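Chemist: sequence and computational prediction follow.
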Amino acid sequence: MPTLDLEDLSIPDIHNLPPDALPALSSSLFDGLKFDTSIISHCDGSSSLTISDNLKLICSINGPIESSLKLELPDKLALDISVNSSLSTTNNSNNQLIENNLRKLLIRKINLSMYPKQLLVINFQFLVSPSENSLFQKNSPPNTPSSSSSSSYLLELMACINAAYLALLDANISLTSSFNSVIINNNSSNHLICYDHNHLHTINNSTTDHDIIILYSESLGRFSQSTLFNILFNFGYKKSLLLNFHFASLYKSIIKQKFIYTDNK
């Protein structure tokens with residue numbers, strides 16, 4: 001995956017850009033990113049996410065359905081999350097870690113109390129894993145233990161978070177707010193950040209630094225505190241806002257397909 005030098009590359013203030021400038025800026029920052037929903041007909045919600053040739057992922061959701069006594073929670077929804085590696089990947093040690101972190105994130109974003117004693121089954125299937133791609137491994141931060149495995153884990157987790165969000169929308173699951181995840185790569189470190197967008201799918205002119213809610217972050221490599229803060233509260237957040245804008249076309253199609261509109265005359 002190409003690396004970014006934060007000193008040479010900056011994102012302009014999104015709130016001061018004209019609306020017609022956002023699509024071009026969004027496309028340039030997410031070159032190679034493709035996503036879709038409703039790709040599987042026999043489940044309640046599904047999504048696909050592709051990042052160039054580095055990663056291909058499918059997420060499917062079934063539920064809410066009746067839960068078994070073993071998994072049933074009396075006052076809220078239970079989650080059954082599974083992550084499956086691609087057939088050509090022999091090392092799947094990251095899967096359990098991804099599942100645990102996804103669970104911690106999703107129980108905060110899904111309105112669990114709306115579905116008591118029910119179960120939501122979320123399955124992730126990697127068709128191509130980043131660990132198979134030599135370019136991604138070559139650009140992993142140097143001088144870090146198991147750098148290629150750890151870096152591929154960050155990319156896999158980022159993909160699962162975004163695919164889960166799109167599939168949850170497709171399945172009409174109630175969420176507390178919108179969210180997404182981005183990765184910022186520079187020459188010495190990789191940073192994964194998941195942001196909560198409590199202004200719901202919009203790039204709001206009243207957004208301030210106080211509106212930045214970081215749900216989860218994880219970093220790999222060597223970096224200073226000032227670099228980390230710049231990534232978390234400036235570069236990463238602006239990129240996350242643009243990713244929200246990048247998803248906007250899917251929001252419109254999902255709402256159009258899932259709801260029936262009547263003319264109140």
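Modeler: Right, received. Where do you want to start?
Chemist: which residues does residue 80 bridge with?
Modeler: residue 121 (DSSP bridges).
Chemist: verify the stated contact: residue 165 with residue 180.
Modeler: Yes. Taking contacts as Cβ atoms under 8 Å, residue 165 lies within contact range of residue 180: 6.2 Å. All C-beta atoms are positioned from the backbone trio N, CA, C, and that covers glycine.
Chemist: how about the host helix or strand of residue 165: buried residues?
Modeler: Element membership of residue 165 [criterion: DSSP states H and E] is helix 147-170. Under the neighbour-count criterion of 16 or more other Cβ atoms under 10 Å, helix 147-170 has 147-148, 150-170 buried.
Chemist: stretch 220-235 now?
Modeler: Applying 16+ other Cβ under 10 Å to stretch 220-235 flags 220, 221, 223, 227, 228, 230, 231, 232, 235 as buried.
Chemist: residue 113: how many residues sit nearby?
Modeler: 10 (other Cβ atoms under 10 Å).
Chemist: mind listing what it touches?
Modeler: 75, 76, 77 (Cβ atoms under 8 Å, 6 or more residues apart in numbering).
Chemist: what about residue 86, how many residues close to it?
Modeler: 16.
Chemist: same deal with residue 68?
Modeler: Neighbours of residue 68 (other Cβ under 10 Å): 10.
Chemist: is it in a helix, a strand, or coil?
Modeler: Classification of residue 68 using DSSP: H, G, I helix; E, B strand; the rest coil returns coil.
Chemist: helices and strands of this structure: which one bottoms out on pLDDT?
Modeler: Lowest by mean pLDDT, DSSP states H and E among the helices and strands of the chain is helix 134-138, with a mean of 42.
Chemist: quick one: the strand or helix carrying residue 102 to helix 147-170, angle?
Modeler: Here residue 102 sits within helix 94-109, counting by DSSP H and E. Put simply, helix 94-109 runs at 40 degrees to helix 147-170, going by axes from the mean of the first three to the mean of the last three Cα atoms, to 10 degrees.
Chemist: no more questions from me, cheers.
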